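In: Predicted model, plus sequence, below.
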Amino acid sequence: MSVQDYYATTYLTCNVEYSFWASWKGVAYPTHAMQLISFPLQILAFYIIIKKTPTVMKSVSWPLLLNHSLCTGLDIGLCSGGTPYVFLPVAGIFGLGTLSWFGIPFTIQLFVGLIIGNGAVCSYVYLFEIRSSSLPQNRFKITRKSTRLLYHAIVFFYNCSCLLFFLTNPADQEAAKLHALTRYPCPTTEFFEFPVTILLTDQNVIQFISFIFLPSMILQTAGNIIFHAFCAVYYLYIAPSKSVSKETQKNQKAFLIGILLQTCIPLMFISGPLIILAIAYSFGYYSQEMMNLSIVCAAFHGVAQSVAVITVHHHYRKTAKKMIWKIICKESRSTVRLAEASSRLFRSRDLS
């Protein structure tokens, strides 16, 4: 039996009601709309980081720019380039983005997307490490460029070791889909109407990824961030240097709070829905609506991350306010000139 034979016969016994949020439209339309909203904010954040970073923040301008660049690449991939539709119970996936319209296989999109995503995650480690190492009294600071390069390479390549699982992708996708249907017999019709790729079929590999690899990746990344954040907090609040001026310490504390907020605010839009989805799935509950809504919530990351960069840092917030006020004043002057011109026109008509 082929997949199409299954769709024409066995699938007819399934009672799968149509739902917008369970369909491909429930993923594609909201995420593409979010891309239109987030892109101007991302460009504004780029401009402010590159052109308006003050002297006191120059040492962290490159980490901020790298972090924003990678997060923007991740968001573009999620919202418009390679928007994923995921069948979680069978590790099935296909793309709804522009790259799929151009015929690029989704496995290639996913491979590149994971590299960018891992880079975005590791850029937060880099951001906190730079902040921590800039404190002269920090005994754990990294001073040599070669040591820093090696440290961050280890963090990055450990996370990228997930790419090795692409070697376990089933070559016979038809057989993999039929096997998937034995475990998840009534997916949405998208399973049959789109070029779905089954990433994994070996249950041992799936369990290894779910219970060993992913937790270890999360722990090592979070552990590195927490360690550097703790060092910064300790040497700024608990054991501050007496040789550093109060003004400098004030700026250092403000920037630390800024990057904490810059990290936590966007992270909520990705981690929150995924944690809820994982808990529900672990208790045996799964719905395609919940899966799709998790992806839609993750699409808000682009807006949240750009707004966070612009607003949580005092100098950037001040610059953004000036730019917005300048635009408002310009529009007001244009409106006043238009009103004056209209008034003069009506007066000339009345006199004639």
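Out: Thanks, I have it. Numbers count the residues shown, from 1 in each chain.

In: going forward, measure contacts between C-alpha atoms and count neighbours the same way
Out: Fine.

In: where are the low-confidence patches of this protein?
Out: 331-352 (pLDDT under 70).

In: Which residue ranges of it form strands?
Out: Using DSSP state E, the strands of the chain run over 84-87, 92-95, 197-198.

In: got the contact list for the nearest residue to residue 93 once chain neighbours are set aside?
Out: Excluding the flanking residues, the one nearest residue 93 by Cα to Cα, 6 or more residues apart in numbering is residue 86, at 4.5 Å. Residue 86 makes contacts with 92-94, 291-292, as judged by Cα atoms under 8 Å, 6 or more residues apart in numbering.

In: now, among those, which is nearest to residue 27?
Out: Using Cα to Cα, residue 292 comes nearest to residue 27 of those, at 5.7 Å.

In: isn't residue 49 right up against residue 67?
Out: No - judged on Cα atoms under 8 Å, residue 49 makes no contact with residue 67 at a distance of 11.0 Å.

In: Could you report the neighbour count for residue 6?
Out: 15 (other Cα atoms under 10 Å).

In: actually residue 249, sorry about that
Out: 17.

In: In contact with residue 206, which residues?
Out: So residue 206 contacts residue 200 (Cα under 8 Å, 6+ apart).

In: Helices along this protein, start to end?
Out: 3-8, 25-52, 58-76, 98-101, 106-133, 145-160, 173-183, 190-193, 203-208, 214-233, 246-282, 288-299, 301-312, 314-351 (DSSP state H).

In: Need those in JSON lines (columns: distance to residue 14).
Out: Output for those, formatted as JSON lines (distance: least, Cα to Cα, whole Å):
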{"stretch": "helix 3-8", "distance to residue 14": "10"}
{"stretch": "helix 25-52", "distance to residue 14": "21"}
{"stretch": "helix 58-76", "distance to residue 14": "35"}
{"stretch": "helix 98-101", "distance to residue 14": "29"}
{"stretch": "helix 106-133", "distance to residue 14": "28"}
{"stretch": "helix 145-160", "distance to residue 14": "39"}
{"stretch": "helix 173-183", "distance to residue 14": "12"}
{"stretch": "helix 190-193", "distance to residue 14": "13"}
{"stretch": "helix 203-208", "distance to residue 14": "25"}
{"stretch": "helix 214-233", "distance to residue 14": "33"}
{"stretch": "helix 246-282", "distance to residue 14": "21"}
{"stretch": "helix 288-299", "distance to residue 14": "15"}
{"stretch": "helix 301-312", "distance to residue 14": "36"}
{"stretch": "helix 314-351", "distance to residue 14": "54"}
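
In: out of those helices, nearest to residue 166?
Out: Short answer: helix 106-133, nearest of the helices of the chain by Cα to Cα, at 8.2 Å.

In: Mind giving me the packing neighbours of that closest one?
Out: For helix 106-133, the elements it packs on are helix 58-76, helix 145-160, helix 214-233, helix 246-282, judged by 3 or more Cα pairs under 8 Å, 6 or more residues apart in numbering; DSSP states H and E.

In: what sits up against the second one?
Out: Looking back up the chat, that one is helix 145-160. Helix 145-160 is contacted from outside by 114-115, 118-119, 122, 126, 142, 217, 220-221, using Cα under 8 Å, 6+ apart.

In: One more: the first one?
Out: When contacts are taken as Cα under 8 Å, 6+ apart, the neighbours of helix 58-76 outside the stretch itself are 35, 42, 46, 49-50, 53, 113, 116-117, 119-120, 123-124, 126-127, 130-131, 299, 301-302, 305-306.

In: how distant is it from the center of its chain?
Out: Mean-position distance between helix 58-76 and its chain equals 12 Å (Cα atoms, centre = their mean, to the nearest Å).

In: Please apply the same query to stretch 98-116.
Out: 16 Å.

In: Make JSON lines out of the helices and strands packed on helix 106-133 and add distance to residue 135.
Out: Formatted as JSON lines, the helices and strands packed on helix 106-133 follow (distance: least, Cα to Cα, whole Å):
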{"stretch": "helix 58-76", "distance to residue 135": "12"}
{"stretch": "helix 145-160", "distance to residue 135": "15"}
{"stretch": "helix 214-233", "distance to residue 135": "7"}
{"stretch": "helix 246-282", "distance to residue 135": "9"}
